[in-house]
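A.B. asks: Quick one, fold the following:
(one chain, ligands or ions: 1)
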Amino acid sequence: MAFELAKLGYDYTALEPYIDARTMELHHDKHHAGYTNNLNAAIAGTDLDSKSIEEILSGVSGYSAAVRNNGGGFYNHNLYWDVIAPGGAKSPSGVLLDAINDSFGSLQNFQEAFNKAATTRFGSGWAWLVLQDKKLAVSSTPNQDNPLMDVAEVKGKPILGIDVWEHAYYLNYQNRRPDYVNAFWNLINWDEVARRFKG
Ligand code: MN3
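C.D. replies: Predicted coordinates:
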């Protein structure tokens, strides 16, 4: 069963001025579509065809580089479009905020740790907020790896992630990755992050 590229739940312009429409269009319609198509090509006719993406990622060390790179790319972008959706809560609250305070000491400490992970990841990759049992951790991964993978240094369930590949920000921010990372805080849909935390 082939994986499907989900439609964006909002317009390309919805995240302006923080992420421009052209970046959104290319990122979803070209990059994410490419990972999806290449994942489907890599698993066609194999026993991975019947597994969920989470099952595939949890055993990814046993599969090809094409499955690792494109399976990660497929999953990671699905999460990304959801957690930066417009219209949700603009700050964490309730049990999620409690968990952030318990794990990092304060919201500000968490923000600093997340920004550091995102800005210091060398080359292409992602930074994450990861749920491990009841605790939260910040991590970063190279390429299209993520914390669901058995190869990840920090394993767990990703509930927030920022794409720091240049294709995510270069048209608007060029080499200024820290400006994109700072802008990202205006976009986070904390209702969606809380949903993932509870689910
Ligand atoms: Mn990307």
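A.B. asks: OK, contacts around the nearest residue to residue 187 once chain neighbours are set aside?
C.D. replies: Excluding the flanking residues, the one nearest residue 187 by Cβ to Cβ, 6 or more residues apart in numbering is residue 84, at 4.2 Å. Quick note: C-beta positions are derived from backbone N, CA and C, even for glycine. Contact analysis of residue 84 by Cβ atoms under 8 Å, 6 or more residues apart in numbering lists 15, 19, 184, 187-189.
A.B. asks: Quick check: of those residues, which lies closest to the ion?
C.D. replies: Nearest to the ion among those is residue 19, at 11.4 Å by Cβ to the ion.
A.B. asks: so that closest one sits right up against residue 173, yeah?
C.D. replies: No. Residue 19 is beyond contact range of residue 173, at 9.4 Å (criterion: Cβ atoms under 8 Å).
A.B. asks: okay, and the common contacts of the two?
C.D. replies: Joint contacts of residue 19 and residue 173 (Cβ under 8 Å, 6+ apart) are residue 183.
A.B. asks: So if I had to pick from those two, which one is more boxed in?
C.D. replies: Shown here are residue 19 and residue 173; by other Cβ atoms under 10 Å, residue 19 has more neighbours (24 against 20).
A.B. asks: and residue 93, how many neighbours does it have?
C.D. replies: Neighbour tally, residue 93, other Cβ under 10 Å: 11.
A.B. asks: ignore the last one, residue 87
C.D. replies: When counting by other Cβ under 10 Å, one arrives at 10 neighbours for residue 87.
A.B. asks: Look up the pLDDT of it for me, please.
C.D. replies: With respect to pLDDT, residue 87 scores 86.
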